[in-house]
Structures are given as C-alpha cells and as structure tokens.
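Novice: Sharing a model prediction with you, sequence too.
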Amino acid sequence: MNCNKQQREDNQIDYNDNQVGKYKKMKKRELLEEMVSRDKQLKEVEDSLKRAEAELEKYKEQEKSYKEQLLRMQADFENYRKREEKKKQEFMDYAKQDLIYQLLSVVDNLERASCYTGDQPDEKHLENIKEGLKGILRDFQNILEKEGLKPIKAIGEKFDPYCHEAIMHVPSDQFPEDTVMEELIKGYYLKSKVLRPSLVKVSKGTEEKQKDHTSKIEDRKEKEDNSENNNTTEKK
C-alpha cells in the first residue's frame, strides 16, 4: 500500500511538473486566454452548483408543504370519523323515537284502565274493562303494523319450517297430513323477515292412515329381514 501511495504522489508531481512546464512554454497572451477559460469554467461550475442548491431548497419546501397537507388531512379525517361515530350513536339512541312516542298513548290508556281495577267489580264494570283492554290491544297492534309487523298465518296452513316451529305431531281426522292444526304461540313477520316463528302442533293425518303407514313400514322391514336371511342361507 505504501508503494502505491508513493507511486500516486510521484505521478501527481510529474503531472504538476508537466503543467508548470506547459505554462512556462506558453506565451503571455496564451496564458491569459487559458486563465480566462479556466475562470469561465469555474464560474459555470459555481452557477451549476447554485442552481442545484436552489432546486434542493425547492424540493425541501415542497416536502415540508406535503407533510403539512398530510397532517391536515389526517386531522380532518379523524374529526370526520368522530362526527360520524357520534351521528351513528345518536341514530341508534333515537332510531325508535317515533315508535316509542306512539306507544306512549297505549301506556296512557293502560294507566287509565288500571285506575278502574280497584273498584268493586260487577258484570258491567268487568265488561267495560274488557272492552277497554280490547281497544288498547287494537291500538297497540295498529302501531306495530305501521312499523311492518304482521302475524304469520298458521292454523289450516301447510307446515312451513321457515315460519312454523313444530313442537309435536299428532294424528287428526280434521286436518290433512303436514297441516298446522293448533297455534300455541303466534309468530310474526317484520316486513319480509320472520321475527319469531309460530309454535304449532302439526297433523300426522288420520289414525287409520298412520296405522296403514306403520303397517307398510313393518311389512317392508319384514321383507328385508327375510331377504337377508335367505341370502345368508344360500351362502352357507
């Protein structure tokens, strides 16, 4: 490494000596022209450097501006998100405000009706209470119907597992097989969606039909058993 360094220094000395020798051989006019040319080149380099520094400053200013814009956009988005969350929460809190307001009339009627229940009951008094309760129920049903609630048809309808939930199947001479014969709890639609299915009893058909069906199953099973026994005997 020392040899290489020494060689580079020797080369630099030789180059400088050659340059000095070159200038010594040049005439005064040529030397002045050379100096002017060198100054011109140096000025061009300085101008180029200044332009590069100006461009760099410009890019730095743009970068600073972009960062500030990004921070403002992030702050705006955060404020927008908070406003939307607040609106969403307010909507959820007050979405059923109209429905509740309508139900207040039902509550008022129930409170008025409860004032009469403490009186000495007689037939006319009980009849008035009964009619009042029927009117309250109608009002309540009308309000719910406006909100899209409607009952599911059940008794006499063909069993539909989408809107009926069977809790038992019983023989019936009155209803065909797979027909709803009794509704234990009423089901409802909310618009086009089943809100609650109806709890129902479903007909299995007449007892004679059930006996015939059971007999056919037993006969088929007996035939299958006999066939299996015959196949076993033949193999032996």
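Specialist: Structure received.
Novice: hang on, residue 133 packs against residue 113?
Specialist: Yes: look at residue 133 against residue 113 with Cβ atoms under 8 Å: they come within range, at 6.6 Å. For every residue, glycine as well, the C-beta is placed using N, CA and C.
Novice: Tell me the buried residues in the helix or strand where residue 182 lies?
Specialist: If you go by DSSP states H and E, residue 182 is part of strand 180-185. Buried residues in strand 180-185, defined by neighbour count with 16 or more other Cβ atoms under 10 Å: 180, 181, 182, 183.
Novice: Where does pLDDT dip in this structure?
Specialist: Where the chain drops to pLDDT under 70, the residues are 1-32, 34, 116-122, 207-236.
Novice: Contacts only, for the residue nearest to the spatial centre of the chain.
Specialist: Taking Cα atoms, centre = their mean, the centroid of the chain lies closest to residue 88, which sits 14.2 Å from it. By Cβ atoms under 8 Å, 6 or more residues apart in numbering, the contact list for residue 88 is empty.
Novice: Just the element for it, please.
Specialist: With secondary structure defined by DSSP H and E, residue 88 is part of helix 28-94.
Novice: Tell me which residues are up against the helix or strand just after that helix.
Specialist: Following helix 28-94 in sequence order, the next helix or strand is helix 97-114 (DSSP H and E). With contacts defined as Cβ under 8 Å, 6+ apart, helix 97-114 is touched by 129, 132, 133, 135, 136, 139, 140, 143, 146, 147.
Novice: Distance-wise, check the spatially closest residue to the second one that is not a sequence neighbour relative to residue 136.
Specialist: On the basis of Cβ to Cβ, 6 or more residues apart in numbering, the spatially nearest residue to residue 132 that is not a chain neighbour turns out to be residue 113, at 5.0 Å. With the distance defined as Cβ to Cβ, to the nearest Å, residue 113 ends up 7 Å from residue 136.
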